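Enquirer: I would like to see how this sequence folds:
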Amino acid sequence: MDGKNINFEEITIGDLHLHSRFSRACSKNITIDSLVEWAKIKGLNLLGTSDFTHPIWFKEIKEKLKNNGKGFYIYDDGTEQGFPFIITGEISLMYRDEEKSRKIHLNLLIPSLEIAEKIHAYLDTKGRRDYDGRPIFNISGDKFVKDMKNISGDIEVIPAHIWTPWFGVFGSMSGFNSLKQCFKEQSDKIHAIETGISSDPEMNWGIKEITDNNLSIVSFSDAHSYWPWRLGREATIFKKTDSFLEIIRQIKDNDFIGTIETEPAYGKYHWDGHRNCDFSCSPKKTKELNGICPVCKQRLIIGVENRVEELSENPKGFIPEKAKIFYKVLPLHEIISLALGMNMQSKMVWDVYNNLIKNFKNEFNILLNVSESELLGIGVKEKIIELILKNRTGNIKVKPGYDGVYGEAVLGEKQKTLF
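Expert: Coordinates of the predicted model:
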């Protein structure tokens, strides 16, 4: 979709699922300060704190952020309004039900530090939360939601990256075939699902349970670092607000504006395959292979596109009545890197990126708003402009990712790995 004329002053763009330096496989340099610095460069104006369960990180949250009285926690960035956060964190549930072993990740939006401390007390009766920013508990999905709502009706529980094979509620390895199957009598307390990088809203429109119940389809980055090719690579566009409860209302009522998505093929689990065998394939090919890897002769890891096809009941091309606008773009570093044929962390790529930010304020503005003539006016190379415009209209082809391997953007006969 064409993103012209987005007025960033009239909206709240939130990334409400990310991680701290205390989560496994995350940058050890993540601080609240660095998250704010790069969120502003990206064009975000609301972040989740992430990892509220970790004792050291929670202590830093309390020291750095002050409640505005409406559930937004403000970081003093030297401006009059400061930079807002809401309290968030991801919980991993690993348990066995009557059918099989389950592994699901849930993202929590928390109304206050006081409620967060009540959740701490609850979790401390179930296990440890000091060893990882995304702690693991042996609690079923339905019991966890019930217990959270007993602590506070304002806690919002959102199934995270719902299609990823290992930890998505619909994932091929341990997931469920419906939200009802997972959350049982508590399923009416689930108001939204998170697309994950390997799916977009259009793919999720195939699921009748989502469309029939008018569930919100939100997108957040699940970022493991503060770099702009991770932070905000997916985000949700809310109507402008400074209130936690208004964010929750927009989610519950499916009344926000839209989402920013990556091309789903960019995601690490879009297609089927085996990373160690250097083999991937489409769902159609998987059927021809009877689900068996031609290299190692073991069962393939089934990716998101295949699983979406399996569970979709609505006709292909179905658009729900309250469908939201969504913008499908790759991060700017990826585009510059592809145009220059250089590693995206190279000095030349950074030089181009920094010049663009200097002239046009933030990355989302460049990806979605800035015109060709404006880009030409500051001397941006034509190849970079061409790819920015192609990216804006979803016309950069991406070789799909699979089994933990990111997708690859295709430029002519050459391919550039997206990190």
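Enquirer: export the longest helix along the chain as CSV, just CAs?
Expert: With secondary structure taken from DSSP state H, the chain has its longest helix at helix 347-360. Output of helix 347-360 as CSV, limited to C-alpha atoms (Å, rounded to 0.1, in the frame of the first residue of the first chain):
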residue,chain,number,x,y,z
LYS,A,347,30.4,2.4,6.9
MET,A,348,29.0,3.3,3.4
VAL,A,349,25.6,2.0,4.2
TRP,A,350,25.6,3.8,7.6
ASP,A,351,26.7,7.0,5.8
VAL,A,352,23.8,6.9,3.4
TYR,A,353,21.4,5.9,6.2
ASN,A,354,22.6,8.8,8.5
ASN,A,355,22.3,11.3,5.7
LEU,A,356,18.7,10.2,5.0
ILE,A,357,17.8,10.4,8.7
LYS,A,358,19.4,13.9,9.0
ASN,A,359,17.3,15.2,6.1
PHE,A,360,14.0,13.4,6.7
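Enquirer: could you give the mean pLDDT of the helix or strand that that helix is followed by?
Expert: Next along the chain after helix 347-360, taking DSSP states H and E as the criterion, comes helix 363-368. Helix 363-368 shows a mean pLDDT of 97.
Enquirer: helix, strand or coil: sort out L44 for me.
Expert: coil (DSSP: H, G, I helix; E, B strand; the rest coil).
Enquirer: can you pull the contacts of it?
Expert: By C-beta atoms under 8 Å, 6 or more residues apart in numbering, L44 lies in contact with I13, G14, D15, L231, G232, A235, F364. Yep, even glycine has a C-beta here, placed from its N, CA and C like the rest.
Enquirer: any chance of those in a markdown table, plus neighbour count and distance to D222?
Expert: Formatted as a markdown table, those follow (neighbours: other C-beta atoms under 10 Å; distance: C-beta to C-beta, whole Å):
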| residue | neighbour count | distance to D222 |
| --- | --- | --- |
| I13 | 23 | 16 |
| G14 | 28 | 14 |
| D15 | 28 | 9 |
| L231 | 25 | 10 |
| G232 | 27 | 11 |
| A235 | 29 | 11 |
| F364 | 24 | 18 |
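Enquirer: among the residues you listed, which are in helices?
Expert: The helices, defined by DSSP H, take in F364 from these.
Enquirer: any idea which of the contacts of L44 is closest to L245?
Expert: Taking C-beta to C-beta as the measure, L245 lies nearest G14 of the contacts of L44, at 14.3 Å.
Enquirer: which strand residues bridge that closest one?
Expert: Beta-bridge pairing of G14 under DSSP bridges involves L46, T236.
Enquirer: just give the closest residue to P283, not the sequence neighbours.
Expert: N306 (3.8 Å; C-beta to C-beta, 6 or more residues apart in numbering).
Enquirer: correction: the previous question concerned C277.
Expert: Distances taken as C-beta to C-beta, 6+ apart put V295 closest to C277, at 3.7 Å, once the chain neighbours are dropped.
Enquirer: and the longest strand along the chain, what does it pack against?
Expert: Identified as the longest strand of the chain according to DSSP state E is strand 83-96. Here strand 83-96 touches helix 32-42, strand 46-48, strand 73-75, strand 101-110, helix 113-124, strand 136-137, helix 141-151, going by 3 or more C-beta pairs under 8 Å, 6 or more residues apart in numbering; DSSP states H and E.
Enquirer: just say which of the ones you listed is most tucked in.
Expert: strand 46-48 (a mean of 26; mean count of other C-beta atoms under 10 Å).
Enquirer: what's the following helix or strand after that one?
Expert: Next in sequence after strand 46-48, counting helices and strands by DSSP H and E, comes helix 55-64.
Enquirer: can you find the helix or strand of this protein with the lowest average pLDDT?
Expert: Here the helix or strand of the chain ranked lowest by mean pLDDT, DSSP states H and E is strand 414-417, holding a mean of 42.
Enquirer: report the contact partners of the residue nearest to R275 when sequence neighbours are not counted.
Expert: Distances taken as C-beta to C-beta, 6+ apart put D403 closest to R275, at 4.2 Å, once the chain neighbours are dropped. Residues near D403 by C-beta under 8 Å, 6+ apart: K268, Y269, D272, G273, H274, R275, S280, I301, G303.
Enquirer: among the residues you listed, name the buried ones.
Expert: K268, Y269, D272, G273, H274, S280, I301, G303 (16 or more other C-beta atoms under 10 Å).
Enquirer: need the contacts of L44 in CSV (columns: distance to N68).
Expert: Shown next, in CSV, are those (distance: C-beta to C-beta, whole Å):
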residue, distance to N68
I13, 18
G14, 15
D15, 19
L231, 22
G232, 22
A235, 21
F364, 24
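Enquirer: okay, and for the protein, where does confidence drop off?
Expert: Scanning the chain with the threshold set as pLDDT under 70 gives 1-5, 412-419.
Enquirer: now do the phi/psi pair for the most far-flung residue of it relative to its centre.
Expert: The centre of the chain is farthest from one residue, G377, which by C-alpha atoms, centre = their mean lies 33.6 Å away. Main-chain torsions, G377, degrees, to the nearest 10: phi -60, psi -20.
Enquirer: roughly how far apart are it and S371?
Expert: From G377 across to S371, the span is 9 Å (C-beta to C-beta, to the nearest Å).
Enquirer: and E117, by the same measure?
Expert: Distance, E117 to S371, by C-beta to C-beta: 49 Å.
Enquirer: cool, and H120?
Expert: Distance, H120 to S371, using C-beta to C-beta: 49 Å.
Enquirer: kindly report the same for Y131.
Expert: Counting by C-beta to C-beta, the gap from Y131 to S371 is 50 Å.
Enquirer: same deal with G48?
Expert: Taken as C-beta to C-beta, the span from G48 to S371 is 32 Å.
Enquirer: cool, and I388?
Expert: 10 Å.
Enquirer: which of these two has more residues huddled nearby?
Expert: Using other C-beta atoms under 10 Å as the criterion, I388 and S371 rank with I388 on top: 23 against 11.
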